[in-house]
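S.K.: next input, structure requested:
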Amino acid sequence: MIELLQKLARTLSGGHWWWGVAVSVVLFAGSMALVTVIVVGWPVDHFRRSGRPVFWAHRHPVVRVTGLILKNLAGILLFALGVIMALPGVPGQGLITALIGLTLINFPGKTNLERRLISRPTVFRAVNRLRARFHHPPLELEG
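M.R.: Okay, the predicted model is just below:
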């Protein structure tokens with residue numbers, strides 16, 4: 001891994017800075033597409049429901065466990081990327097990506113943390129603006 005990072009640093013410092021720009025643009029576009037698909041796909045009451053269905057309850061136990069592991073790994077990756085993108089100067093929708101990552105991870109207290117994050121006015125407005133762009137109704141929060 002260190003060797004790969006060193007090779008990337010040599011490439012970027014050797015006048016091939018456009019590779020860095022290209023990677024940044026691709027990651028930004030990819031994260032925006034993924035955020036859009038997930039946020040638009042949430043049901044209106046996603047953050048109001050108390051009892052959510054069990055993930056792949058109807059699947060074979062091996063498939064269900066494998067799916068749960070992959071879902072949690074994807075959630076951890078998205079959460080980490082969201083935290084990085086929330087830093088100043090890093091492109092991307094940081095808080096929304098972190099929120100999506102959290103929705104994928106299973107841990108105690110997750111629902112309360114999700115609700116606290118989505119209830120932040122800037123996050124809530126951004127999510128509902130994105131949903132409105134694709135003609136979906138705004139999310140509902142508990143009053």
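S.K.: tell me which helix or strand the residue nearest the centre of the chain sits in.
M.R.: In the chain, the centroid-proximal residue (CA atoms, centre = their mean) is Thr97; its distance is 3.0 Å. Counting by DSSP states H and E, the element that carries Thr97 is helix 94-104.
S.K.: what of Arg115?
M.R.: Taking DSSP H and E as the criterion, Arg115 maps to helix 110-118.
S.K.: that helix versus helix 94-104: what angle between them?
M.R.: On the basis of axes from the mean of the first three to the mean of the last three CA atoms, to 10 degrees, helix 110-118 is oriented at 160 degrees to helix 94-104.
S.K.: what about the helices in the chain?
M.R.: Counting by DSSP state H, the chain has helices at residues 2-13, 17-41, 61-85, 94-104, 110-118, 121-133.
S.K.: average pLDDT across stretch 66-74?
M.R.: On average, the pLDDT along stretch 66-74 is 92.
S.K.: next one: that stretch to chain centre, how far?
M.R.: Distance, stretch centre to chain centre, for stretch 66-74: 14 Å (CA atoms, centre = their mean, to the nearest Å).
S.K.: ditto for stretch 34-49
M.R.: Taking CA atoms, centre = their mean, the mean C-alpha location of stretch 34-49 is offset from the chain mean by 11 Å.
S.K.: rewinding a little: distance of the residue lying closest to the residue nearest to the centre of the chain once chain neighbours are set aside from His58?
M.R.: Of all residues not flanking Thr97 in the chain, Gly82 sits nearest, at 3.4 Å (CB to CB, 6 or more residues apart in numbering). C-beta here means a position set from N, CA and C on the backbone, and glycine is covered the same way. Per CB to CB, to the nearest Å, Gly82 is found 30 Å from His58.
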